[in-house]
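> here is a sequence with its predicted model. Questions after.
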Amino acid sequence: MIRSILIAAVCLFALQLEAQEKFAIQNVSVITMVNETVLENHTVIVDKGRITKVAPTNKTKLSKNVRVIDGTGKFLMPGLFDMHTHFFYEQGDHINTNEAELKMMLANGITTARIMAGHPSYLEAKSNVKSGKWIGPELSVASPQFVGRWPFPPEFKNYEIVASETKAQEAVKRFKAEGYDAIKITFMMAKPIYKAVTEAAAKENIKVVGHVGPIVMLPAAIEAGQQIEHMDMFIETLLPDTSYNHGQSVSDYNIYSKAAWETVPHLMESKIPALAKSVKDAGIYVTPTNYFFLSVFGFPLSEDEIKAKPDYNYLPSKLKAEKWKYRESYLKRMAPLESREKYVKIRKQMVHELWKAGVPLMAGSDAPEFFQVAGFALHDELKAMVDAGLTPFAALQTATVNPAKFLDMASRTGTIEVGKEADLILLQKNPLEDVTNTRAITGVSTNHQWLDKNAIVNLLQQSRETLEK
């Protein structure tokens, strides 16, 4: 224990020193994400956390006080965004390991993360990262979840019951004043209250994000311009008519409903292009979280596959037992293979058609649902984007350019350009050839800090030791 504390202290001191450094990544191939062109044999200079130069190495002279990082044979790209993630604090015994989880995210190349169910401790975490007290990705924190009622045990208060239009309006104002970055919509909210939330949010100039439930339905969310998670209620638009299970299919929590799965054979894939166009015309950003749904409910991973994933080693032991229990419960009532095959096909087609239509997609992991862990899981979602038919470049846009625009951060991050913040990851392999190469991280830059491979390994070790307690 004492040795671990000393190691952590030394690492923190080293990081603080590096935060003051001017550094240059030399002889590197730069994937700016401005376009698909790779700038080979370039040097990127960073001073006081800002990119000050991007130029060919043979035309770049470095002053003596610059730390040189050898990028030969490597690829530099913008840091990644995870646009839908949570902390372990919401699960199990509700133990606050936020700091350790932020280290884990950063070690996986996540330089910006959107936390999708607010809590005061998450605002504190955001402040600690911003001040430099903690090391981790920049955070955007959505409000506690707005619900019509709360269907789960209330041990952890990260929700707000809005049972009237007045309460909904008051809650929007309160959470905006408290510093939350968006209003999160979740379950069982009546349409008049939903409308009150979206109208109040528009007046307060704060975005509405999250779920679309079977009470609200997709047309109301499209009219409101809500940013939609999980492609909620998209599948319902493929039903022949609303007589099938009262117009409900397998979106979101209906994934556990036998009656909802019975609608899947009737879903009309021919309706997907029109759906994509309506979303595009509304100017809505969509976070599919496809990997989560397909690997858990479509074609569930085997026990060996789950245990072989890097995520598994970072799950607290008490949560592992809980998640195996949930998995066993689902497998007992899992839908027939034929229905699940169609479900997987449709979700992939939706992502592809949304992309073709020009809908801005954003990568989100929804960790730590089931066996996913924040940081590691985003790379699976990028692979799911490519599996749905996106090019690797387009998949990378969902975790760089698109979320930067949505969060109004495009003027300072999301691409590699002079004047922008140095949110960067250095990779051993080219992610434009194989998007899974985003896992081959050998360096990360964020918040004025350069983390080399040893620092990354130390961050992961510290995280694991904390989570194992």
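Perfect, thanks for sending it.
> tell me the contacts of residue 414?
Contact analysis of residue 414 by Cβ atoms under 8 Å, 6 or more residues apart in numbering lists 33, 78, 81, 400-401, 403-405, 420. From N, CA and C alone the C-beta is placed, and that goes for glycine too.
> just checking, which of the residues you listed belong to helices?
Among the contacts of residue 414, the members falling in helices are 401, 403-405 (criterion: DSSP state H).
> about what we covered before: any chance of JSON lines for the contacts of residue 414, columns neighbour count?
Output for the contacts of residue 414, formatted as JSON lines (neighbours: other Cβ atoms under 10 Å):
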{"residue": "33", "neighbour count": "19"}
{"residue": "78", "neighbour count": "28"}
{"residue": "81", "neighbour count": "32"}
{"residue": "400", "neighbour count": "27"}
{"residue": "401", "neighbour count": "22"}
{"residue": "403", "neighbour count": "29"}
{"residue": "404", "neighbour count": "24"}
{"residue": "405", "neighbour count": "16"}
{"residue": "420", "neighbour count": "22"}
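> please look at residue 354 and residue 286 and confirm they touch.
Yes: using Cβ atoms under 8 Å, residue 354 is in contact with residue 286, at 6.0 Å.
> which residues are common contacts for these two?
279, 361.
> quick one: low-confidence parts of this structure?
In the predicted model of the chain, residues 1-20 satisfy pLDDT under 70.
> let me know the outermost residue of it.
Distance from the centre of the chain peaks at residue 64, with 39.3 Å (Cα atoms, centre = their mean).
> now the residue lying closest to residue 433 once chain neighbours are set aside. Its backbone dihedrals?
Leaving aside its sequence neighbours, residue 433 sits nearest to residue 392 (Cβ to Cβ, 6 or more residues apart in numbering; 7.1 Å). Per-residue torsions, residue 392: phi -60, psi -40 (degrees, to the nearest 10).
> the residue farthest from the centre of the chain in helix, strand or coil?
coil (DSSP: H, G, I helix; E, B strand; the rest coil).
> what about residue 63, neighbour count?
Neighbourhood size, residue 63 [other Cβ atoms under 10 Å]: 8.
> so who does it touch?
By Cβ under 8 Å, 6+ apart, the contact list for residue 63 reads residue 22.
> domain-wise, how is this structure divided?
Following automatic domain parsing, one gets these domains for the chain: 2-78+415-468, 80-406.
> who touches residue 54 in this structure?
Listed by Cβ under 8 Å, 6+ apart, the contact set of residue 54 reads 30, 32, 39, 42-45, 416-418.
> can you put those residues in a markdown table and add neighbour count, secondary structure and distance to residue 218?
Output for the contacts of residue 54, formatted as a markdown table (neighbours: other Cβ atoms under 10 Å; DSSP: H, G, I helix; E, B strand; the rest coil; distance: Cβ to Cβ, whole Å):
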| residue | neighbour count | secondary structure | distance to residue 218 |
| --- | --- | --- | --- |
| 30 | 22 | strand | 40 |
| 32 | 20 | coil | 36 |
| 39 | 18 | strand | 42 |
| 42 | 24 | strand | 45 |
| 43 | 25 | strand | 48 |
| 44 | 28 | strand | 43 |
| 45 | 21 | strand | 47 |
| 416 | 24 | coil | 37 |
| 417 | 15 | coil | 37 |
| 418 | 12 | coil | 42 |
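> and which of these is nearest to residue 244?
Compare each of the contacts of residue 54 with residue 244 using Cβ to Cβ and the shortest gap goes to residue 32, at 47.3 Å.
> residues contacting that closest one?
39, 54, 78, 415-417.
> how about residue 81?
By Cβ under 8 Å, 6+ apart, the contact list for residue 81 reads 110-114, 362-363, 399-400, 403-404, 407, 414.
> go through the chain and flag its longest helix.
Counting residues, the longest helix in the chain under DSSP H turns out to be helix 337-357.
> what is that helix packed up against?
With contacts taken as 3 or more Cβ pairs under 8 Å, 6 or more residues apart in numbering; DSSP states H and E, helix 337-357 sits against helix 272-281, helix 290-293, helix 376-387.
> if you set the cut-off to 6 Å instead, what comes out?
The contact analysis (3 or more Cβ pairs under 6 Å, 6 or more residues apart in numbering; DSSP states H and E) places helix 337-357 against helix 272-281.
> next, the angle from the helix it packs on to helix 337-357.
When axes from the mean of the first three to the mean of the last three Cα atoms, to 10 degrees is applied, the directions of helix 272-281 and helix 337-357 differ by 40 degrees.
> contacts for helix 272-281, please.
By Cβ atoms under 6 Å, 6 or more residues apart in numbering, the surrounding residues in contact with helix 272-281 are 237, 349-350, 353-354, 357-359.
> distance to residue 173 added to those, as JSON lines?
Listed next are these as JSON lines, based on distance: Cβ to Cβ, whole Å:
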{"residue": "237", "distance to residue 173": "33"}
{"residue": "349", "distance to residue 173": "40"}
{"residue": "350", "distance to residue 173": "35"}
{"residue": "353", "distance to residue 173": "38"}
{"residue": "354", "distance to residue 173": "33"}
{"residue": "357", "distance to residue 173": "35"}
{"residue": "358", "distance to residue 173": "34"}
{"residue": "359", "distance to residue 173": "31"}
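> ok, which pair from those residues is furthest apart?
Farthest-apart pair in the contacts of helix 272-281 is 237 and 358; separation 18.4 Å (Cβ to Cβ).
> how near is the closest residue to residue 338 other than its chain neighbours to residue 293?
Excluding the flanking residues, the one nearest residue 338 by Cβ to Cβ, 6+ apart is residue 265, at 7.6 Å. Residue 265 sits 18 Å away from residue 293, going by Cβ to Cβ, to the nearest Å.
> more neighbours: which of these two?
It is residue 293, of residue 265 and residue 293, that has more neighbours when counted by other Cβ under 10 Å, with 22 against 10.
> how close does the residue nearest to the more buried one when sequence neighbours are not counted sit to residue 330?
Once flanking residues are discounted, residue 293 sits nearest to residue 347: 6.3 Å by Cβ to Cβ, 6+ apart. Between residue 347 and residue 330 the computed distance is 17 Å (Cβ to Cβ).
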